[in-house]
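Undergrad: next come a sequence and a model predicted from it.
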There are 4 protein chains.
Amino acid sequence: MSTFSLAVEAAIAETRRDVAELHGELVRNNLIVWTGGNVSGRVPGADLFVIKPSGVSYDDLAPENMILCDLDGDVIPGTEGSDRSPSSDTAAHAYVYRHMPTVGGVVHTHSTFATAWAARGEEIPCVITAMADEFGGPIPVGPFAIIGDDSIGRGIVETLAGHRSRAVLMQNHGPFTIGVSARDAVKAAVMVEDVARTVHLAREAGPLIPIPQEAIDRLFDRYQNVYGQSEDERR
Amino acid sequence: MSTFSLAVEAAIAETRRDVAELHGELVRNNLIVWTGGNVSGRVPGADLFVIKPSGVSYDDLAPENMILCDLDGDVIPGTEGSDRSPSSDTAAHAYVYRHMPTVGGVVHTHSTFATAWAARGEEIPCVITAMADEFGGPIPVGPFAIIGDDSIGRGIVETLAGHRSRAVLMQNHGPFTIGVSARDAVKAAVMVEDVARTVHLAREAGPLIPIPQEAIDRLFDRYQNVYGQSEDERR
Amino acid sequence: MSTFSLAVEAAIAETRRDVAELHGELVRNNLIVWTGGNVSGRVPGADLFVIKPSGVSYDDLAPENMILCDLDGDVIPGTEGSDRSPSSDTAAHAYVYRHMPTVGGVVHTHSTFATAWAARGEEIPCVITAMADEFGGPIPVGPFAIIGDDSIGRGIVETLAGHRSRAVLMQNHGPFTIGVSARDAVKAAVMVEDVARTVHLAREAGPLIPIPQEAIDRLFDRYQNVYGQSEDERR
Amino acid sequence: MSTFSLAVEAAIAETRRDVAELHGELVRNNLIVWTGGNVSGRVPGADLFVIKPSGVSYDDLAPENMILCDLDGDVIPGTEGSDRSPSSDTAAHAYVYRHMPTVGGVVHTHSTFATAWAARGEEIPCVITAMADEFGGPIPVGPFAIIGDDSIGRGIVETLAGHRSRAVLMQNHGPFTIGVSARDAVKAAVMVEDVARTVHLAREAGPLIPIPQEAIDRLFDRYQNVYGQSEDERR
């Protein structure tokens, strides 16, 4: 039986809907195959987040199947979906929420081109303006870390803390992205694959032209402050 | 309250429908991810054009959400959609309409292969007959220019004025295309990505065979004058 | 007013349906963008073939819009669709039907990887068993030829006459395929792009292992005689 | 007239449904073009398996069109679909079922990147964690073997017996995958193409970072025992 206030219950319900629906964006943008990706969203106003169950088809991702966890990554007993196991990446998501209080969403995929850069442990240089807009510079690489303890979460946080980029390429593994909301983290997941692909293809055909740092700074600044309809749009 | 004649109102309504619908072609042809592309169309018989709003999902692009601008890129107050911001590329579109009176449509995308050529600042050589048909020669590269003043619009116009190509690869940025109509500019956006991809792949496997200039000229001339059902088809 | 026997009228109607529907397979298999591909089918029992109109969207390809031609490529006046121009490649299709009496269908596309091989004028070596099955050896290259006379048709026929392959890569242009039926030619168009892509990717990563000629011969022979439900299946 | 017990009849019906439906996953995951792939499933509790008919469109793959075979690959006369020929790869599937009693499903495709590795006869190195999870190491290459006797089936079994990988790249041919169920074999087919593509792209841009064997072992062990909702999920 749930012990949350009505306001928190409402926020949980909305986060369940968002997180369930956003998995559809991973499919639509060709970021995942089979069950290999996950989205989570922090419940506004509570020390909780919602994440997908482990190993379940993307056709079955209804709001009521999403799983509610506390910031240690433990499933809240007695809540909808709590009879299933959460994503095997839950510990990494939880670590990010605990250590980055402004993060509202986390996404992990094995999207093809981003994972290819990760397999070489190579950061993606910032040579296209859309990348300067969105990430403000190169996409950094995080350490090699495997599932089983806090090392993935720690690697994400240590790489992204204080960095403009909302995406990190975990070595030999794949991209993790963060955002002010689950939707914003999904956008970062879509964009990191897009720039990973474009820069991969650009470079295999010849030398890239760098963008001057001053131009990168201006593009990033403008995009964060002007683009879109309002600050609310990213939430 | 609108101050246009009935004929202009009808032309605006039709342009809104065309521009809204043509964004669907960008999606269908895999030219854009998330919200990163835009189509505009000049209103026939008026110093006006219609463009998409900034940062809005492609699922929400109904005619009434399109934004009506004058040729300085200023939103016409009191018209449908005028409570939203127009695409952040509006100034570049407006510059093109002001300086190229026969242009009826402008399209901008970050399509993958065209943007890859742009990141190297390299023009696409004309080695396939479909490219000779459609563009009459190589796809040129425009200068590096960033958002904030007229420099993108000026770069497009200076590159394409007097050029056969309806597409320009703006360096480190991506393709802009023009046409006699919004539909024609969308076709150019589809075709520039297609030739960017084919020539990229062709060249990575070995030397390309050039097409003699005289054959390029004949193909371009025939295609402009004979192909399709009639001159009207491109409008 | 039509002057055909009832049997020929019925065969025309069926060919119109087949040809219209088969253009959908070009789209579904990602072989074409915009209007850049065409399918034709010979009318069984008559010196006629059906082909798509020029420059028309694939969404508008209904049977009644298909165009009926004689083997010189001239539109049969007074028949459905005869107010439109046939595909600009009609002369090439007609040439093939005139000179290859067992050909029942012809397809032309600018599919990406096949066109990339064509831009280098390089035949595709037979290094995968599916290619030995389907084409019995390498995919040959045809001459550079441009629209305006019989040179494309002649290039196709001279390259494919007596060759096992039902596909030819016309230099700097793209693939043409033939078959016992329009459906069989479409299958060849799908398969030539598939092998063009696979062999391109295989070779860019290292040396290919050739298949012994004797194995190619056995695979081709078996596939022509045993595969599928019956001889009728290809028709 | 059928001679099976009610329980076996029920198991056959369920296997027919599974196998028919799983062909849709090959299409959805872009593993096949035209009719070039096949899925089979062992009937639990009987020396039987169900496989698709030869050369039939994926649109026509209903349960009643699937073909029931014994473990020699012979069609069971008088059963639904038995008037058609089974897939030309039936002998290879049958060989696997006869010699690998724990295998419940077999899949064969010519998926692009996996076939590209096969055309070079090169195993895929294990450089991404998803590959360590799923396959426990590199994807091995099987011998060159052509249709007509047991050599393909023998090549699959000799390569995979005692190997962690559920996928083998048959040289110059393409991938075969096995699993505890038809669904599990389809998952392996999806994943082998995914890793074939990612590692291909990773390596063409520079040196790969190997994953230490000890980490591969831990990932494989965890994934086999912990991932997903339960052991049943793979069936």
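TA: The structure has been received and is ready for your questions.
Undergrad: contacting residues for the closest residue to chain C within chain A?
TA: Closest to chain C within chain A is A:Glu204: 9.2 Å, counting by C-beta to the nearest C-beta. Where C-beta positions appear, they are placed from N, C-alpha and C, glycine not excepted. The contact partners of A:Glu204, by C-beta atoms under 8 Å, 6 or more residues apart in numbering or on different chains, come to B:Glu204, D:Glu204, D:Ala205.
Undergrad: what residues sit buried inside the helix or strand bottoming out on mean pLDDT in chain A?
TA: Lowest by mean pLDDT, DSSP states H and E among the helices and strands of chain A is helix A:213-225, with a mean of 93. Neighbour-count burial for helix A:213-225, counted by 16 or more other C-beta atoms under 10 Å in any protein chain shown, picks out A:Ala215, A:Ile216, A:Leu219, A:Phe220, A:Arg222, A:Tyr223.
Undergrad: now stretch A:146-164
TA: Counting neighbours by 16+ other C-beta under 10 Å, stretch A:146-164 gives A:146-147, A:150-157, A:159-160, A:163-164 as buried.
Undergrad: who's in contact with stretch A:117-125?
TA: Stretch A:117-125 is contacted from outside by A:131, A:138-141, A:144, A:169-175, A:192, A:195-196, A:199-200, A:208, A:210, D:127-128, D:198-199, D:202-203, D:205-209, using C-beta under 8 Å, 6+ apart.
Undergrad: follow-up on the earlier one: what's the lowest-pLDDT member of the buried residues of stretch A:146-164?
TA: Taking the buried residues of stretch A:146-164 together, the minimum pLDDT is found at A:Ile147 (84).
Undergrad: so what's the closest residue to A:Arg166 other than its chain neighbours up against?
TA: Distances taken as C-beta to C-beta, 6 or more residues apart in numbering or on different chains put A:Ala188 closest to A:Arg166, at 4.2 Å, once the chain neighbours are dropped. If you count contacts by C-beta under 8 Å, 6+ apart, A:Ala188 has them with A:Val107, A:Glu134, A:Phe135, A:Arg166, A:Ala167, A:Thr177, A:Ile178, A:Gly179.
Undergrad: give me the pLDDT for A:Ala188.
TA: A:Ala188 is assigned a predicted lDDT (pLDDT) of 98.
Undergrad: helices or strands up against the least confident helix or strand of chain A?
TA: helix A:129-135 (3 or more C-beta pairs under 8 Å, 6 or more residues apart in numbering or on different chains; DSSP states H and E).
Undergrad: so for the helix it packs on, mean pLDDT?
TA: For helix A:129-135, the mean per-residue pLDDT is 97.
Undergrad: can whichever helix or strand comes after that helix be found next to chain D?
TA: Note on helix A:129-135: by DSSP states H and E, the next helix or strand toward the C-terminus is strand A:141-142. No. Using C-beta under 8 Å from any C-beta of the partner chain, strand A:141-142 stays clear of chain D, coming no nearer than 10.0 Å.
Undergrad: show me the contact partners of strand A:141-142.
TA: So strand A:141-142 is in contact with A:117-118, A:121-123, A:155-156, A:158-159, A:168-171, A:176, going by C-beta under 8 Å, 6+ apart.
Undergrad: in three-state terms, label the residue nearest to A:Arg166 for me.
TA: At A:Ala188 the chain is in helix, as set by DSSP: H, G, I helix; E, B strand; the rest coil.
Undergrad: do A:Leu169 as well
TA: Quick answer, by three-state DSSP: A:Leu169 is strand.
Undergrad: dump the contacts of A:Glu204 to TSV, plus secondary structure and pLDDT.
TA: What follows is the contacts of A:Glu204, written out as TSV (DSSP: H, G, I helix; E, B strand; the rest coil; pLDDT from 0 to 100):
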residue	secondary structure	pLDDT
B:Glu204	helix	96
D:Glu204	helix	96
D:Ala205	coil	96
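Undergrad: so which of the contacts of A:Ala188 is the most crowded?
TA: In terms of neighbours by other C-beta atoms under 10 Å in any protein chain shown, the contacts of A:Ala188 top out with A:Val107 at 33 neighbours.
Undergrad: pretty sure it is in contact with A:Ala185, am I right?
TA: Yes. With contact defined as C-beta atoms under 8 Å, A:Val107 reaches A:Ala185; the gap is 4.4 Å.
Undergrad: what do those two both touch?
TA: In terms of C-beta under 8 Å, 6+ apart, A:Val107 and A:Ala185 are both contacted by the residues A:Val39, A:Thr177, A:Ile178, A:Gly179.
Undergrad: chain neighbours aside, what residue packs nearest to the third one?
TA: The shortest distance from A:Ile178 to any residue other than its chain neighbours is 4.7 Å, reached at A:Val103 (C-beta to C-beta, 6+ apart).
Undergrad: out of the contacts of strand A:141-142, list just those in helices.
TA: With helices defined by DSSP state H, the entries of those inside them are A:Trp117, A:Ala118, A:Gly155, A:Ile156, A:Glu158, A:Thr159.
Undergrad: and which of those residues is nearest C:Glu25?
TA: Nearest to C:Glu25 among the ones in helices among the contacts of strand A:141-142: A:Trp117, at 35.8 Å, using C-beta to C-beta.
Undergrad: pLDDT wise, what is the closest one at?
TA: Taking A:Trp117 on its own, its pLDDT is 98.
Undergrad: about what we covered before: and the furthest pair within the ones in helices among the contacts of strand A:141-142?
TA: Spatially, the most separated pair among those is A:Trp117 and A:Glu158, at 18.7 Å (C-beta to C-beta).
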